[in-house]
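**Student:** Please work out how this folds:
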Amino acid sequence: MANLRGVLLAWRDNESAKKGVELFRVLPNSAIDEIVRAMPKNKEELTAIKGIKEAKYQSYGLAILNMVKEHSGGAITVAREPDAMMPISTELPKQKKEEGRTLFSVSTYLDIINRELWRLRATIKGEVTSFKVQGNAVYFSIRDTEDASTLSVFMWMNDFNLAGIELTEGLEVIVEGRSEIYKPTGRFNFRADTIELVGEGAFKKAYDVLKKKMDEEGLFDESRKRILKEHPIKIGLVTSRTGAVIHDFLNNLGRFGYHITFVDSRVEGGAAVKDILSALTYLETKDIDVLLVIRGGGSLESLQAFNNEHVVRKIATFPAVTICAIGHDKDVPLAQLVADYAPSTPTATTIILNSSWESTIHELQTIARDIASRYGESLWTTGDILTQKTNILESHLEHVIRPFRQMIINFNELMMLVARNLSSRKDTLEYSAKQIVNQYERQLRGMRDAVNIGNKSLIQNNPMRQLRLGYSILTQKGKVLRTVDDVAVGDSFEARLADGTLVSNIVEKHKK
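**Tutor:** Numbers count the residues shown, from 1 in each chain. I've put the predicted structure just below:
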């Protein structure tokens, strides 16, 4: 989807130039990356992306969906807006069949041609042959130095001004953009969004002219340089997320609780100017302690964005302290000259940021060691004083304690004597207890034997036993009859048997 991202970026550049607004106000980089990842197919999916709400959809939604459909192979039904840099309709309502041929209207055919031209983004080098300003656009031609081939170039004035180049005939330049056929006139144009000089000599000349101009304005004066406050926390960082520089920077940045607001930006060539200006504009609104603009050095040509007048002035007027670490062997980029700090490398930038933190930590460590040393000395001194006082106190207390020590010795001896007596008494009591228990057990066994004997006697003499043998007990009114004289004829009595009682009357009696 890299091609789609390029198309979206080019379209955004064009919209930004036409409306004269910053790039991020059309679409931020994060929204473009999310569009490429999500490939939204309708309004709901597009407005679900952060940074694209109803108002932005009304302005750009159909154009964005159109580009996404184009790169996903779907049909596109949104017509191309006048002079807008966007894919056009692939449906051809004006075509018709006639005797086996497909006929197109002029407009439809030009739409097809422009659709194919749109796919081809190019970077072209040539020599300027003509130049004019008309309205809010710049028109010029570039020529091939070998065969005199000529290409007409159109450029929005906002984009041209950002480049900071003064065009003259014979000047060799590089332009980047896309081609199109302007439908009202049928003229073929190359629509450029960036322009830059060719050759180290041309860059050096432009560099020297701008440097002299800004030097005369006092932008490089040391009196303008601001001092970075101690212990900075909030950092605004502008660089490319794909370069090795950001990794080197983060690896060397101390762990002091920094809060980094990172803005991904191109940092190579003239095409980086828009990205850098957009990033600086965004960070101007943020509460930061220091702005960092870093990259890994390079040729004067590759660093041209950091010698662009708009970028340099933006850094010079930035509200927070600025640090630019760009680096060049011979000519220091102008962005570094106007910055408050201009270290040679991004790694050197971390030394500036970390220095106050490391210095404070070193001071705190020194103070901590000094406090520990003084505390140790105080402890030793106090210990000596306490030892002396203790010796004096012990000497005075010895006179008071000595009688008590003797009392304790006497008491211990008395307790030992009592313990021996108690032990002897204990042995005696234990022996007596055993004797009592033994005697009790003997008496208990004797009583148990006597009870057993009595029980046997009771069993043998139990009247009921006699009754079971055939005997009976005669009673009258509960009194046992022992002789015939105890009753008279006609009296009643009771005969107790083993299994019950009989009631009888005396009919007659015979005395033996």
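
**Student:** tell me the mean pLDDT for the helix or strand hosting residue 408?
**Tutor:** Secondary structure from DSSP states H and E places residue 408 in helix 346-460. Helix 346-460 shows a mean pLDDT of 86.

**Student:** who does that helix touch, helix- and strand-wise?
**Tutor:** Counting contacts by 3 or more CB pairs under 8 Å, 6 or more residues apart in numbering; DSSP states H and E, helix 346-460 is packed against helix 245-252, strand 290-294, strand 321-325. Backbone N, C-alpha and C define where each C-beta goes, glycine included.

**Student:** got the domain boundaries for the chain?
**Tutor:** 1-113, 120-198, 228-353, 465-505 (automatic domain parsing).

**Student:** Name every strand pairing with the host helix or strand of residue 189 and say which way it goes.
**Tutor:** For residue 189, the host element (DSSP H and E) is strand 187-197. As defined by DSSP bridges, the strand partners of strand 187-197 come to strand 150-156 (parallel), strand 172-182 (antiparallel).

**Student:** circling back to that earlier point, ok, which of the helices and strands packed on helix 346-460 comes nearest residue 218?
**Tutor:** strand 321-325 (16.4 Å; CB to CB).

**Student:** quick one, phi/psi of residue 344?
**Tutor:** phi -80, psi -30 (degrees, to the nearest 10).

**Student:** mind listing what residue 338 touches?
**Tutor:** Residue 338 makes contacts with 214, 219-220, 224, 312-313, 315-316, 322, as judged by CB atoms under 8 Å, 6 or more residues apart in numbering.

**Student:** follow-up on the earlier one: any chance of TSV for the domains of the chain, columns distance to residue 390?
**Tutor:** Output for these, formatted as TSV (distance: least, CB to CB, whole Å):
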stretch	distance to residue 390
domain 1-113	74
domain 120-198	85
domain 228-353	49
domain 465-505	97
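
**Student:** looking at those, which is closest to residue 399?
**Tutor:** Here domain 228-353 is closest among the domains of the chain (CB to CB), at 64.1 Å.

**Student:** Where does pLDDT dip in the stretch 101-250 of the chain?
**Tutor:** Along the stretch 101-250 of the chain, segments meeting pLDDT under 70 span 199-201.

**Student:** Show me where it has its strands.
**Tutor:** Taking DSSP state E, counting those that start in this stretch as the test, the strands found in the stretch 101-250 of the chain are 101-103, 121-134, 137-143, 150-156, 172-182, 187-197, 234-239.

**Student:** Go through the contacts of residue 338 and say which is closest to residue 123.
**Tutor:** Nearest to residue 123 among the contacts of residue 338, with distances taken as CB to CB, is residue 312, at 24.2 Å.

**Student:** Skip the chain neighbours and tell me the closest residue to the closest one.
**Tutor:** Distances taken as CB to CB, 6 or more residues apart in numbering put residue 334 closest to residue 312, at 4.6 Å, once the chain neighbours are dropped.

**Student:** burial count for residue 237?
**Tutor:** By the criterion of other CB atoms under 10 Å, residue 237 has 26 neighbours.

**Student:** follow-up on the earlier one: between the helices and strands packed on helix 346-460, which one is closest to residue 362.
**Tutor:** Taking the helices and strands packed on helix 346-460 one by one with CB to CB, helix 245-252 is closest: 18.0 Å.

**Student:** mind listing what's buried in the closest one?
**Tutor:** Neighbour-count burial for helix 245-252, with 16 or more other CB atoms under 10 Å as criterion, is recorded at 245-246, 248-249, 252.

**Student:** That one versus strand 234-239: what angle between them?
**Tutor:** 150 degrees (axes from the mean of the first three to the mean of the last three CA atoms, to 10 degrees).
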